[in-house]
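In: need a structure here:
(4 chains)
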Amino acid sequence: MDPLTKICADQYVVMRLPSDNCKLVELKVDSSVSLGKFGAFNVNDILGYPLGTKFEICYDEDTAAEPIPTSGKFKNKIPIGRIRVLDDSTLIEEEKLNNFDSSENNQDLINMGSDIQKLTSDEIEELKKQSVSGNEIISKIIESHGNFHKKTVYSQEKYLKRKKQKFDKIFTVDYLSSSALLQYLIDKSDIQRIMDMSQESLGMLLNLANVRSNGTYLCMDETGGLLVYFLLERMFGGLNDSTDTGKIVVLHENEHPNLDLLKFSNYSEKFINEHVITVSLLEFFEPPTMEEVEQRFAPLKKEQLYELKSGKKNTYYRKLKWYHNQLEIMKVTNEIEYDALIVASTLQLTSLIPKLGEKVHGSRPIVCYSQFKETLLELSHQLYSDLRFLAPTIFETRCRPYQSIRGRLHPVMTMRGGGGYLMWCQRVLPASEPEVTNNIEV
Amino acid sequence: MDPLTKICADQYVVMRLPSDNCKLVELKVDSSVSLGKFGAFNVNDILGYPLGTKFEICYDEDTAAEPIPTSGKFKNKIPIGRIRVLDDSTLIEEEKLNNFDSSENNQDLINMGSDIQKLTSDEIEELKKQSVSGNEIISKIIESHGNFHKKTVYSQEKYLKRKKQKFDKIFTVDYLSSSALLQYLIDKSDIQRIMDMSQESLGMLLNLANVRSNGTYLCMDETGGLLVYFLLERMFGGLNDSTDTGKIVVLHENEHPNLDLLKFSNYSEKFINEHVITVSLLEFFEPPTMEEVEQRFAPLKKEQLYELKSGKKNTYYRKLKWYHNQLEIMKVTNEIEYDALIVASTLQLTSLIPKLGEKVHGSRPIVCYSQFKETLLELSHQLYSDLRFLAPTIFETRCRPYQSIRGRLHPVMTMRGGGGYLMWCQRVLPASEPEVTNNIEV
Amino acid sequence: MSLTTSCFSEYKDIVQEGDLVLIWISRDQIKPVKMDSEASFNTRYGTFPHKDMIGKKYGSQIAIRTKGTNRFAFVHVLQPTPELWTLSLPHRTQIVYTPDSSYIMQRLNCGPNSRVIEAGTGSGSFSHAFARSVKKLFTFEFHQVRFEQAMQEFKEHGLLDENVTITHRDVCADGFTIKSGDTTSFDLTNVQNVDLNANAVFLDLPAPWEAIHHLDSVIAKGEKVGVCCFSPCIEQVDKTLESLEKNGWTNIEMVEIQGRRYESRRQMVRTLDDALERLKDIKRRKLAGMERRKRQLEGLKTEEEKQDQNNGQPVTEKTQFNPFGKGERVKEGDPNYQWKEVTKIESEIKSHTSYLTFAFKITDKTRVEESK
Amino acid sequence: MSLTTSCFSEYKDIVQEGDLVLIWISRDQIKPVKMDSEASFNTRYGTFPHKDMIGKKYGSQIAIRTKGTNRFAFVHVLQPTPELWTLSLPHRTQIVYTPDSSYIMQRLNCGPNSRVIEAGTGSGSFSHAFARSVKKLFTFEFHQVRFEQAMQEFKEHGLLDENVTITHRDVCADGFTIKSGDTTSFDLTNVQNVDLNANAVFLDLPAPWEAIHHLDSVIAKGEKVGVCCFSPCIEQVDKTLESLEKNGWTNIEMVEIQGRRYESRRQMVRTLDDALERLKDIKRRKLAGMERRKRQLEGLKTEEEKQDQNNGQPVTEKTQFNPFGKGERVKEGDPNYQWKEVTKIESEIKSHTSYLTFAFKITDKTRVEESK
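Out: Sure thing, here's the model as predicted:
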């Protein structure tokens, strides 16, 4: 079964809840997932459906059979409901609001602060236990609302949305694309950790950096692997069996790299090790020489290896791994001319980029993401006066979503402010100033 | 007659032409105004109509009576046409485009580059001589266009607009408001001279600076008087007989102030001298002392003045003027606590604003306009660490106009990029740190 | 007490008993307070007696020692302006914010000649800005409670004594004419009809297209009059455009205003060389650790290590070299580090307020004969 | 010669005969040129023979001495990428620019699994960006001339050999199915119908709502498929929303992308003290001038002035003190002055390109049984 299109076991997926919050879930066979007040369900019930499917959790007689503990350890455990696949046409009907009277304005609403709700919260709790779906609860609540028809259609919508977020037991299971992972991290308010990145800035970065399945890219990623996740998705599309040859060399400024977010991806460890090489800045700028490495270790010939005792063999392989790692460091440092330099780092860019840019092949892009325009301004001034870099340019791109309801179209009223900036230039190879006599006429 | 609502003689007005260009014109009685290819007219013919009226220049038999010289000094002189006031309803009808067939797309238009026009330019010239209005010319041109019906309604509109701009002889006469003057300067592409200012930034500046008819404002204006023009309009609304007491003290960094743009205003020289005081930065920061001034000149008593010979009297009055000027400098420097500081200067703001801000009354705003955010960033960091300034904040405001045609609504496709930034803070009076024993319990 | 009447129209020097002042606690906390020498202003940091403010110059910082902790705490006492007043309003109210209101005023050329119609009054924040600059403001509010609140507020702020008239009215149904019998702040004792004669109109209504045709009878004749309709949805704009065209308004243009506020921040300058030094330090300590373990295994110790052990300070405990401090615990701007000044946009922006549709009309184009 | 076929899909090291290269003259002048050792590239600054480029590494600066003036002139020779290609296109063409195209690709999750429908092809610039990243691109163009131009260009760029199919078609009238008899780059010799099986759709059409219902038969089943409609006017968006809803598309959202480009500039730092010094200098010279005139009137001269006169250098001619240079004649960044780094937005911005309406659909929600 294709984990890129279908809901599969042992896969990380992103679930969107009625509250508009996201949740990352690893789908373990035979286990259940609890969505808090939105209910709980068995993982097995959703496997095999297309990714993107919208489900509803239903509590009817069948599920009510399972006794809900009212005391003891499982007192607050969410009971597991039945799963129903939601049809698109039903949804659209439900999302509409044609069935209620409304006022042209709020003029008749005297008490603006609180709503007149005749149902007590206990009664609502009772409804929650009885009803099949959140929709029914909401209908009942509206019926009992004293002033609902006096609200304008706008206020009614706002009210309904609030209630839906509270009572709907609907969730969507989606593929954990790079954009979905980013959205999840934004929702978690982890903005600073991911350097205030936005989907539009990263999408533009991938294109400006001319990222392809067959390139070798030099990268710095201070977001715990988010940028690398984006690169991998674009290069290999989540295909664990991709035969594409692309590689990402990730430089890090700490002792160990931090690419934690890659654990959410569909790639095997083997795949990642093959396509993502991590090297510290120190190793990159002061790589070992072959002499130094061979002083400390030299691989044995096959015959010699056979003669090793099993106890020594383990030590040997550990050292062999170190040896190959050193060779790889030398290779990525000395031999590769990179197909792009892609940086998202809070290190001082003016001290970083010219040195890393040296390792980029001619006519290949350098793209630098920063939360702040000012750091890119400083950088672009420096690159502008360096003949190895052509036309440094600062870009800003912002996505402005609309409330996309017919008849009530407008840009959303508030949104997140940031999104970062990009510096783009081309690595070029300066010519020496030609002799005056070199002047060729054609 | 009210020069604020009616077209009056000896007034500067702004004329908008079919090309969307603006022209500043001083309306001299008994003279004529030439609008180049859009025709010419007699000033007397438009006096007395409301400002904002749209006129058309017509050339019919009557005007044709005036012979157009085909040679000699006046060969290229534009003949003067008759004036017709355009009715709003006619205009709206004319602006619509319902009378032509159009295509759903440009699919049938093979040659995208140039249009198939059967009329030669000589024929069009002939039409121009015959026709009453530009509209008729345009209709004829469309009739003769081979592919007009094959164009989409969008392309037709573009085509018509181009032609209208070329052949319409329509112009509007408007009051020279501050925004109109700004728009004129922008159209003239004098962006750098006016520090890239926009209507929205200046409107916001006036409000943030809490500009009123009765305030005394300290101002730096590096735009040749545009900022002062805005202040005067907001304070006195072009009313030359205003009894409001507001004053603007304008500091300048050159030997002489440059407020050239005020010559376009409706105010008399007397009015301006009363409400606008110019002082050089040197005079402001190193004003004369009373002692120094009196050493050089002391006004005579009335009796003494009578005794002066007429020859000496002129010299005396010249010196007296100097003397009063010195007194005024001392006053604006030492005595006034300003109701706002309003600065649009390319001098280094961090060296300028704290010193000028000292002269501002407590709880009064300081607003600083700059073309660049970076200079305001530097400034706001400095003010932030200075207890005399409360909550420095950087604002950006941008107006995004739409193509406001029903059925084809969208933001205009391209527009000018700049518009500048504002720094706003309040002047406050720091308290000394209170004694520990001062702790009052209530 | 009528001392407050002038707080929005006159520049005041000293805080006086009865003054309405704005107490600035922080950017997000600005509180309107009426000065009363018997009263106090309470914050979470402590109590500020009004009598510490009365007699001080406007703009003064008022400082106290906090109870218990005895720390320095302060507020600033400011004279209200329309813009500060807008900032002091709770955010849940529908407010026309300064980027929009200032643009509308500028584009409608508001000044001492302006006679303005505003409908509806809403939170009244825009009314304050209009009132500061124009000759007359006629504001209309159809919602009973909001009308009464606004009228009370305008009275306290002295606006009604100056140039503002507020009327309770559904302008879509009943138009703008003010006549005897109306619920209005206008003194109708000796007049039958009020001559509005407006030359600028601002319509902040759910359905402005229902009000536009009522304007003809109340706008000034023989001069250019501007209108601005303020609507959140694009479909409202469409209906407004239709109505404006039908009613003979011209130069119709819709615009959006995008206002942005930036914070001035600092980002630590972390050079590549420092990063490399730090990695070298880690490497050195790692190597030293490895060798130490090796020697410990072999029972050997260097002289230094013996000393360290005598001092009770094992080498492994040595502070790490970190030129960037301990991450987030470094305070922004700490003078021990180097900083780069940066701007940061507010984390949540007002991405849309409303569409602004402007149009102009000259009701009577008759020529006036030159009189001079 | 087929050497050019790989220029968009393979990283190349050395410029070779027959290569399609982009010659970078300036930001606004980037010219596509096919390398031909017999030919030359002419600019207003001089002539660059292709053979000076062939054999050089991509990215090389190619320098000449200009004719006559003998000054240093250069260009850079670059390998084409979709983004550089877009920059090289004449601006009058309708182009989907990088801020929009990159966002659309990202939001439709374009990658090695994507099978994309694009209608219409237009200038072909977006096709290049799609082709770089996706498995298959089916692009449709209804305009005969543009179709032929694009097909020729794609052939020369090697796209048709890789993963691109272009078809001449009015998709609104005739849908997206490619079958024998069609004017298409697809080799239909052995197939009756092409299985498009698209999982991403981009519609850049005047009336996308007329094409949406044709999609059902060509999009992938049992997986989530995304569509993006690209329309300049809001009324088109409205009709598109209606059609998407009617045809069972969900998660409908319209967005706008606002891309901005900034120039890095410098502004001269002009301090208050320098301004004051300059005014003082003016004042001194003025006073000196007055006194000199006075003394000249009185027939007196100081020793200095007599000397100056002897040297033929009257005092009045002394250079003025001006720490800011002579206005505009100072070159930005001149090291004799102090500069502040600033950003300047391009003087004309693309304030609107089009509205982007996204929607998603799963055509077949049947459950697939676990096979492993």
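
In: for residue A:271, what are its contacts?
Out: Listed by C-beta atoms under 8 Å, 6 or more residues apart in numbering or on different chains, the contact set of residue A:271 reads A:240, A:242. Glycine gets a C-beta too; all of them are placed from N, C-alpha and C.

In: Tell me how far it lies from residue A:238.
Out: 10 Å (C-beta to C-beta, to the nearest Å).

In: for residue C:250, same thing?
Out: According to C-beta to C-beta, residue C:250 and residue A:238 sit 57 Å apart.

In: Ok, residue A:429 next?
Out: Residue A:429 sits 36 Å away from residue A:238, going by C-beta to C-beta.

In: Same drill for the two, tell me which one is more crowded.
Out: Neighbours of residue A:429 and residue A:238, each counted by other C-beta atoms under 10 Å in any protein chain shown, are more numerous for residue A:238; the result is 21 against 18.

In: Give me the spatial nearest neighbour of the more buried one, chain neighbours excluded.
Out: Ranked by C-beta to C-beta, 6 or more residues apart in numbering or on different chains and with sequence neighbours excluded, the top spatial neighbour of residue A:238 is residue A:266, at 4.7 Å.

In: Let me know the helix or strand that the one you found is in.
Out: Taking DSSP states H and E as the definition, residue A:266 sits outside all helices and strands.

In: list the contacts for it?
Out: Counting by C-beta under 8 Å, 6+ apart, residue A:266 has contacts A:3-4, A:11-12, A:176, A:238, A:240.

In: could you redo the last one with a cut-off of 10 Å?
Out: For residue A:266, the set of contacting residues under the criterion of C-beta atoms under 10 Å, 6 or more residues apart in numbering or on different chains consists of A:3-4, A:8, A:10-12, A:175-176, A:232-233, A:236-240.

In: just those now: which is nearest chain D?
Out: Ranked by distance to chain D (C-beta to the nearest C-beta), the contacts of residue A:266 are led by residue A:237 at 3.4 Å.

In: residue contacts, the closest one?
Out: The neighbourhood of residue A:237, defined by C-beta under 10 Å, 6+ apart, consists of A:4, A:177, A:213, A:244, A:266, D:109-114, D:133-135.

In: measure the residue of the stretch 51-200 of chain C found nearest chain D to chain B for me?
Out: Proximity of the stretch 51-200 of chain C to chain D (C-beta to the nearest C-beta) peaks at residue C:103, 16.5 Å away. Using C-beta to the nearest C-beta, to the nearest Å, we find residue C:103 at a distance of 5 Å from chain B.

In: Ok, residue C:6 next?
Out: The span separating residue C:6 from chain B equals 11 Å under the rule C-beta to the nearest C-beta.

In: give the contact list for that residue.
Out: Under the criterion of C-beta under 10 Å, 6+ apart, the contact partners of residue C:6 comprise C:12, C:19, C:157-158, C:161-162.

In: and residue C:107, how many neighbours?
Out: Other residues within reach of residue C:107, judged by other C-beta under 10 Å, total 21.

In: list the contacts for the closest residue in space to it that isn't next to it in sequence?
Out: The shortest distance from residue C:107 to any non-neighbouring residue, by C-beta to C-beta, 6+ apart, is to residue C:358 (6.1 Å). With contacts taken as C-beta under 10 Å, 6+ apart, residue C:358 has the following neighbours: B:401, B:404, C:103-104, C:107-108, C:226-229, C:244, C:249, C:251-255.

In: quick one: pLDDT of residue 126?
Out: Using chain A here. Here the pLDDT value assigned to residue A:126 is 65.

In: wrong one, I was asking about chain C
Out: In the predicted model, residue C:126 carries a pLDDT score of 97.

In: picking up where we left off before, now a PyMOL select for only the buried ones of the contacts of residue C:6.
Out: Buried residues within the contacts of residue C:6, as defined by 16 or more other C-beta atoms under 10 Å in any protein chain shown, are selected in PyMOL through the command that follows:
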select buried, chain C and resi 12+19+157+158+162
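
In: Among the contacts of residue C:6, which one lies nearest to chain B?
Out: The nearest member of those to chain B, counting by C-beta to the nearest C-beta, is residue C:12 at 8.3 Å.

In: Leaving out sequence neighbours, find the closest residue to residue A:432.
Out: residue D:63 (7.8 Å).

In: State the distance spanning the first to the last residue of stretch A:182-202.
Out: Chord length of stretch A:182-202, first to last residue, is 10 Å (C-alpha to C-alpha, to the nearest Å).

In: Give me the buried positions along it.
Out: When burial is assessed from 16+ other C-beta under 10 Å, stretch A:182-202 yields the following buried residues: A:182-186, A:191, A:194-202.

In: That stretch close to chain B?
Out: No. Counting by C-beta under 10 Å from any C-beta of the partner chain, chain B is not contacted by stretch A:182-202; separation bottoms out at 17.4 Å.

In: is that stretch anywhere near chain D?
Out: Yes. Interface with chain D: stretch A:182-202 contributes A:182, A:198-202 (C-beta under 10 Å from any C-beta).

In: And the contacts of residue A:266, which is closest to chain B?
Out: Scanning the contacts of residue A:266 for proximity to chain B, where the rule is C-beta to the nearest C-beta, the winner is residue A:233, at 32.2 Å.

In: Tell me if I'm right that the closest one and residue A:213 touch.
Out: No. Using C-beta atoms under 10 Å as the test, residue A:233 is too far from residue A:213 to be in contact (11.2 Å).

In: Give me the common contacts of the two.
Out: Residues touching both residue A:233 and residue A:213 (C-beta under 10 Å, 6+ apart) are D:111-112.

In: Those two: which is more packed in?
Out: Comparing residue A:233 with residue A:213 by neighbour count (other C-beta under 10 Å), the higher total belongs to residue A:233, at 26 against 19.

In: before we move on, back to that, out of the buried residues of stretch A:182-202, which sit inside helices?
Out: Counting by DSSP state H, the members of the buried residues of stretch A:182-202 that fall within helices are A:182-186, A:199-202.

In: Just send those back as CSV, with pLDDT too.
Out: Putting these into CSV (pLDDT from 0 to 100) gives the following:
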residue, pLDDT
A:182, 97
A:183, 95
A:184, 96
A:185, 96
A:186, 94
A:199, 98
A:200, 98
A:201, 98
A:202, 98
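
In: hang on, the earlier thing: starting at the chain centroid, how far to the regular element (helix or strand) spanning the residue of the stretch 51-200 of chain C closest to chain D?
Out: Using DSSP H and E, residue C:103 sits within helix C:98-107. The chain centroid and the centroid of helix C:98-107 are separated by 13 Å, computed with C-alpha atoms, centre = their mean, to the nearest Å.

In: before we move on, the earlier item: just curious, which of the ones in helices among the buried residues of stretch A:182-202 is nearest to chain C?
Out: Taking C-beta to the nearest C-beta as the measure, residue A:186 is the one of those closest to chain C, at 11.2 Å.

In: Against chain B, how distant is the closest one?
Out: Spatial separation of residue A:186 from chain B under the definition C-beta to the nearest C-beta is 23 Å.

In: I'd say that residue and residue A:196 touch.
Out: Yes. In this structure residue A:186 lies within contact range of residue A:196 using C-beta under 10 Å: 9.2 Å.

In: now the helices for chain C?
Out: So, for chain C - with DSSP H - the helices run C:82-88, C:98-107, C:125-133, C:144-156, C:159-162, C:171-174, C:234-246, C:272-297, C:303-310.

In: Now the fourth one - C-alpha only, CSV.
Out: Output in CSV follows, covering the C-alpha atoms of helix C:144-156 (Å, rounded to 0.1, in the frame of the first residue of the first chain):
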residue,chain,number,x,y,z
GLN,C,144,-29.6,52.4,21.1
VAL,C,145,-27.1,51.3,23.7
ARG,C,146,-24.1,52.3,21.7
PHE,C,147,-25.7,55.7,20.9
GLU,C,148,-26.2,56.4,24.6
GLN,C,149,-22.7,55.3,25.5
ALA,C,150,-21.2,57.4,22.8
MET,C,151,-23.3,60.5,23.7
GLN,C,152,-22.3,60.2,27.3
GLU,C,153,-18.6,59.8,26.4
PHE,C,154,-18.7,62.8,23.9
LYS,C,155,-20.3,64.9,26.6
GLU,C,156,-17.6,64.0,29.1
